[in-house]
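> Below is the structure, and that's it, no one-letter string:
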């Protein structure tokens, strides 16, 4: 995971912005905060690189910030089931 400056990603107005993978990947995954119709959201989206800038692709999800805790808990349960440990 690498950290990219928000000005390198189209639509990244908020910090923090995290990129899963590196700039050499064909479709890096960007995790960031966003805002839609005045409501803050968390975006997890595949991006593509055009002229050195990461642009959002079609694949991904955006969830309201208030669901972030449930998403994290769900991911922890899934991760535990993958590696055989308990949460």
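Cool, got the structure. Predicted model only: the values in this text are computed from it and were never measured.

> Could you tell me how far residue 73 is located from residue 79?
11 Å (Cβ to Cβ, to the nearest Å). To be clear about C-beta, it is placed using only N, CA and C from the backbone, and glycine gets the same treatment.

> nope, residue 50 is what I was after
To residue 79, residue 50 is 33 Å away according to Cβ to Cβ.

> List the beta-bridge partners for residue 42.
residue 33, residue 63 (DSSP bridges).

> residue contacts, residue 67?
residue 42 (Cβ atoms under 8 Å, 6 or more residues apart in numbering).

> Give me the buried positions along the helix or strand residue 54 falls within.
Assigned by DSSP states H and E, residue 54 belongs to strand 53-64. Using 16 or more other Cβ atoms under 10 Å as the burial criterion, the residues of strand 53-64 that qualify are 54, 56.

> Rounded mean pLDDT for that strand, please.
Strand 53-64 shows a mean pLDDT of 87 in the predicted model.

> That strand - contacts with which helices or strands?
strand 29-36, strand 39-50 (3 or more Cβ pairs under 8 Å, 6 or more residues apart in numbering; DSSP states H and E).

> Just put those in JSON lines and tack on mean neighbour count and distance to residue 84.
Shown next, in JSON lines, are the helices and strands packed on strand 53-64 (neighbours: other Cβ atoms under 10 Å; distance: least, Cβ to Cβ, whole Å):
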{"stretch": "strand 29-36", "mean neighbour count": "17", "distance to residue 84": "25"}
{"stretch": "strand 39-50", "mean neighbour count": "16", "distance to residue 84": "25"}
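
> so how far is residue 19 from residue 31?
From residue 31 to residue 19 the distance is 8 Å (Cβ to Cβ).

> And for residue 75?
18 Å.

> between the two, who's got more neighbours?
Using other Cβ atoms under 10 Å, the more surrounded residue of residue 75 and residue 19 is residue 19, with 20 against 10.

> The more buried one sits in which helix or strand?
strand 17-20.

> for the record, mean pLDDT for that strand?
For strand 17-20, mean pLDDT rounds to 68.

> Please name the residues that touch residue 41.
Contacts of residue 41 (Cβ under 8 Å, 6+ apart): 33, 34, 35, 62, 63, 64, 65.
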